[in-house]
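Enquirer: How does the following fold in three dimensions:
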Amino acid sequence: MILSIESSCDDSSIAVTDIKTKKLIFHKKISQELQHSQYGGVVPELAARLHVEALPKILEETSEYFDKLKAIAVTNSPGLSVTLMEGVTMAKALATSLELPLIAVNHLKGHIYSLFIEEEEIFPITILLVSGGHTQIIEANSYEDMKIVATTIDDSFGESFDKVSKMMNLGYPGGPIVQEYSLKGDENRFDFPIPLRQSPKIEFSYSGLKNAVRLKIEELNELSTQDIADICASFQKTAVAHIMQKLKKLFKQNPPKNFAIVGGASANIYLRKELESLCKKYNTSLYLSQLKYCSDNAAMIGRVALKQYEKQEFTSIENIDIQTRIKAF
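Expert: Below you'll find the model as predicted:
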């Protein structure tokens, strides 16, 4: 079995995965959403302290599997440096004490492999990765051959939901909150501009849309419950329309055989429905992670680690490094 650790942001998670069957033997995650909600976003230093408390508690529950472990896997990039450090420190201690090899896992690859938890891989596949920190289109031909073909030039899809929620003091994380308010709102009340509408390039931008929402909030001054719902619905419609416009350009150029959406923001139901329609039009097979595996978790890290174990991709305890950002796989 492989024990995997995830601490790239504000979720403390550990999993144990069977190497031969790919079955998830153990998986637990402790979220920090409640502690960060009062600040409207993740506070890195607070997140690190909470990892110090949560990770050892989860680890205690996995002790019965220690004698069956063949490797320790941990997210080492990208993410918040202070939170990544907590997971990496635990992984190094375990690898040393149990005399096991260490596997350093790319967090974004983890999101891609969230599609394959307890399943076989599916390649080639085009992937839309949407999270609090990333908005990217990835062409994946195999585990070794993955290329980012489009990304955001400023803010991400998920981050924009967090910021819009924060502007109206609705709480954190913004994704599910804005989505919930949108259900009671009029998505056509406010005509927010779709970013990069006239640009022929396949890339993303959310800073302008966020600013347009901010100006509307200031214009309305005192917001009623209906105003909030209408802003959320109008923003969500525009945020998704931006992604869909760019994806339609991509599909028109070269319709993929397989398409998937991964990352925390991939849980957005509005976006999922739009993608279902697009894929149906082009006879493209659409793959979705289970909702419980959309946000950061150790199960997806463990699934990547199975592949790295197979290829003997180990990292020495002395040389494992931490990267806060990554532009390529």
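
Enquirer: in what helix or strand does Met300 lie?
Expert: Using DSSP states H and E, the element containing Met300 is helix 298-310.

Enquirer: likewise Val213?
Expert: According to DSSP H and E, Val213 maps onto helix 207-220.

Enquirer: contacting residues around the spatially closest residue to His36 that is not a sequence neighbour?
Expert: Take His36 and drop its neighbours on the chain: the residue closest to it by CB to CB, 6 or more residues apart in numbering is Val42, 5.2 Å away. Every C-beta, even on glycine, is put in place using the N, C-alpha and C of the backbone. Val42 makes contact with Cys9, Asp10, Gln32, His36, Leu80, Tyr172 under the criterion CB atoms under 8 Å, 6 or more residues apart in numbering.

Enquirer: What residues sit buried inside the helix holding Met300?
Expert: In terms of neighbour count (16 or more other CB atoms under 10 Å), helix 298-310 has its buried residues at Ala298, Ala299, Met300, Ile301, Gly302, Arg303, Val304, Ala305, Leu306, Lys307, Gln308, Tyr309.

Enquirer: Touching, the third one and Asn106? I think so.
Expert: No: under the criterion of CB atoms under 8 Å, Met300 is not in contact with Asn106, lying 10.9 Å apart.

Enquirer: any idea how far Ile243 is from the spatially closest residue to Cys294 that is not a sequence neighbour?
Expert: Spatial nearest neighbour of Cys294, excluding adjacent residues (CB to CB, 6+ apart): Ala267 at 4.4 Å. The gap separating Ala267 from Ile243 is 14 Å, by CB to CB, to the nearest Å.

Enquirer: mind checking the SS state of Lys92?
Expert: With DSSP: H, G, I helix; E, B strand; the rest coil as the basis, the three-state label of Lys92 is helix.

Enquirer: Could I get the contacting residues of the nearest residue to it once chain neighbours are set aside?
Expert: Among residues not flanking Lys92 along the chain, Ile317 sits closest, at 5.1 Å (CB to CB, 6+ apart). Taking CB under 8 Å, 6+ apart, we find Ile317 in contact with Lys92, Ala95, Thr96, Leu102.

Enquirer: Test for you: state the pLDDT assigned to Ile317.
Expert: Listed pLDDT for Ile317 reads 93.

Enquirer: tell me the SS of it?
Expert: Assignment for Ile317 (three-state DSSP): coil.

Enquirer: repeat for Ser13
Expert: Under the three-state scheme (three-state DSSP), Ser13 adopts strand.

Enquirer: after the helix holding Val213, next one along is what?
Expert: helix 225-253.

Enquirer: what's the closest of the contacts of Val42 to His111?
Expert: Among these, Cys9 lies closest to His111 (CB to CB), at 12.2 Å.

Enquirer: Pull the number of nearby residues for the closest one.
Expert: By other CB atoms under 10 Å, the residues close to Cys9 number 25.

Enquirer: and if you look at the one 4 residues further on?
Expert: A count of nearby residues for Ser13, using other CB under 10 Å, gives 27.

Enquirer: Verify the contact between it and Ile58 for me.
Expert: Yes: if you go by CB under 8 Å, Ser13 and Ile58 touch, sitting 7.4 Å apart.

Enquirer: Please identify every residue contacting each of the two.
Expert: Joint contacts of Ser13 and Ile58 (CB under 8 Å, 6+ apart) are Lys28, Ile30.

Enquirer: which element is Lys163 on?
Expert: helix 157-167.

Enquirer: For Gln226, give me its contacts.
Expert: Lys184, Gly185.

Enquirer: Now do it against Arg189, distance only.
Expert: From Gln226 across to Arg189, the span is 9 Å (CB to CB).

Enquirer: circling back to that earlier point, elements contacting the helix holding Met300?
Expert: strand 2-6, strand 11-17, strand 24-31, strand 71-77, strand 102-106, helix 107-113 (3 or more CB pairs under 8 Å, 6 or more residues apart in numbering; DSSP states H and E).
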